[in-house]
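**Q** could you look at this predicted model? Sequence included:
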Amino acid sequence: MRPHAGAALEVRGLEAGYGKIQVLWGIDLDVAPGEFVTVIGANGAGKTTLLRALTGLLPIRKGTASALGTPLKGRSAAAIVRGGVGHVPEGRQLFPLMTVRENLDAGADYLPHAKARAPRNRAFVYELFPRLREREFQIAGTLSGGERQMVAIGRALMSDPQLLFVDEPSLGLSPALSQAVFTALAHVNAEGTTMVLVEQNVQRSLQLADHAVVLETGEVRLRGTGAELLAHPQVKEAYLSL
């Protein structure tokens with residue numbers, strides 16, 4: 001994907017929430033270009049809220065955030081995507097009555113740079129997920145859960161992102177399909193796309209991560225390399241049943 005010089009993501013003192021309920025408190029996060037960063041935490045810790053705030057789906061109440069050198073606060077989700085940021089939301093959110101290919105191509109719509117690269121990016125998606133090539137003209141609503149997740153990831157890649165946020169990609173998937181998704185994300189990262197992953201499979205996501213943070217009740221409680229957090233006693237006790 002398109003290279004970027006400088007920090008891929010910088011977050012300082014970020015606060016966000018829903019209505020009168022504040023969820024995130026003073027989040028700091030740095031992601032270097034090309035890194036794979038994992039965010040872990042219990043349900044309700046604020047992981048999805050963080051991704052929603054960073055992708056323009058939820059207002060940033062306080063603090064600053066920039067992606068690829070551009071401030072995010074006050075920008076729309078569409079503007080953030082145009083700036084090179086992709087998002088694979090929890091729950092996949094496909095167009096169920098459209099075909100696999102139509103769903104994929106929707107990721108490049110209204111993005112001139114992505115539309116120009118659509119054939120190349122579509123070929124890359126089919127290389128990642130050969131099953132989608134077989135299902136290219138199948139209605140998305142008839143796909144299995146794993147196939148729908150592949151389409152959701154592929155659609156985000158069609159926007160030609162430099163930075164990709166992925167929210168709970170293995171949720172509801174079999175171990176085999178989960179592994180296929182993790183392998184694909186690692187390949188995307190190896191090709192140069194910076195990755196920020198929120199994931200319930202703590203062990204596998206930390207194995208993939210260059211760096212990781214642990215969120216608890218809307219605050220960063222631990223941070224370190226993926227290997228450091230895998231070996232951390234608190235992480236072992238709380239998330240790995242060790």
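**A** Noted; the coordinates are in hand.
**Q** all helices of the protein, in order?
**A** Along the chain, counting by DSSP state H, helices occupy 47-54, 77-82, 100-106, 112-116, 118-128, 130-134, 145-157, 175-190, 202-208, 226-230, 233-239.
**Q** low-confidence bits of this protein, can you list those?
**A** Within the chain, the set of residues satisfying pLDDT under 70 comprises 1-5, 242.
**Q** to Val11, which of the helices of the chain lies closest?
**A** Val11 lies closest to helix 47-54 among the helices of the chain, at 7.3 Å (Cβ to Cβ). No exception for glycine: its C-beta is placed from N, CA and C like everyone else's.
**Q** which elements pack onto that closest one?
**A** Of the remaining helices and strands, those touching helix 47-54 by 3 or more Cβ pairs under 8 Å, 6 or more residues apart in numbering; DSSP states H and E are strand 9-18, strand 21-31, strand 36-41, strand 62-67, strand 163-167, strand 194-198.
**Q** tilt between that helix and strand 194-198?
**A** Helix 47-54 runs at 140 degrees relative to strand 194-198, counting by axes from the mean of the first three to the mean of the last three Cα atoms, to 10 degrees.
**Q** quick one: the helices of the chain as TSV, columns for distance to Val31 and mean neighbour count too.
**A** As requested, the helices of the chain are exported to TSV (distance: least, Cβ to Cβ, whole Å; neighbours: other Cβ atoms under 10 Å):
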stretch	distance to Val31	mean neighbour count
helix 47-54	10	24
helix 77-82	15	16
helix 100-106	26	21
helix 112-116	22	14
helix 118-128	22	17
helix 130-134	28	15
helix 145-157	17	24
helix 175-190	12	17
helix 202-208	14	20
helix 226-230	13	18
helix 233-239	20	15
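**Q** now the ones you listed in a markdown table, with distance to Thr70?
**A** As requested, the helices of the chain are exported to a markdown table (distance: least, Cβ to Cβ, whole Å):
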| stretch | distance to Thr70 |
| --- | --- |
| helix 47-54 | 12 |
| helix 77-82 | 8 |
| helix 100-106 | 23 |
| helix 112-116 | 15 |
| helix 118-128 | 22 |
| helix 130-134 | 31 |
| helix 145-157 | 18 |
| helix 175-190 | 21 |
| helix 202-208 | 26 |
| helix 226-230 | 27 |
| helix 233-239 | 33 |
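**Q** out of these, which is closest to Ala7?
**A** helix 47-54 (13.4 Å).
**Q** quick one, that closest one and strand 62-67 angle?
**A** 80 degrees.
**Q** contacting residues around helix 47-54?
**A** Helix 47-54 is contacted by residues 9, 11, 14, 16-18, 23-24, 27, 39-41, 58-60, 65, 67, 72, 85, 87, 89-90, 165, 167-168, 196, 198, 215, 218 when judged by Cβ atoms under 8 Å, 6 or more residues apart in numbering.
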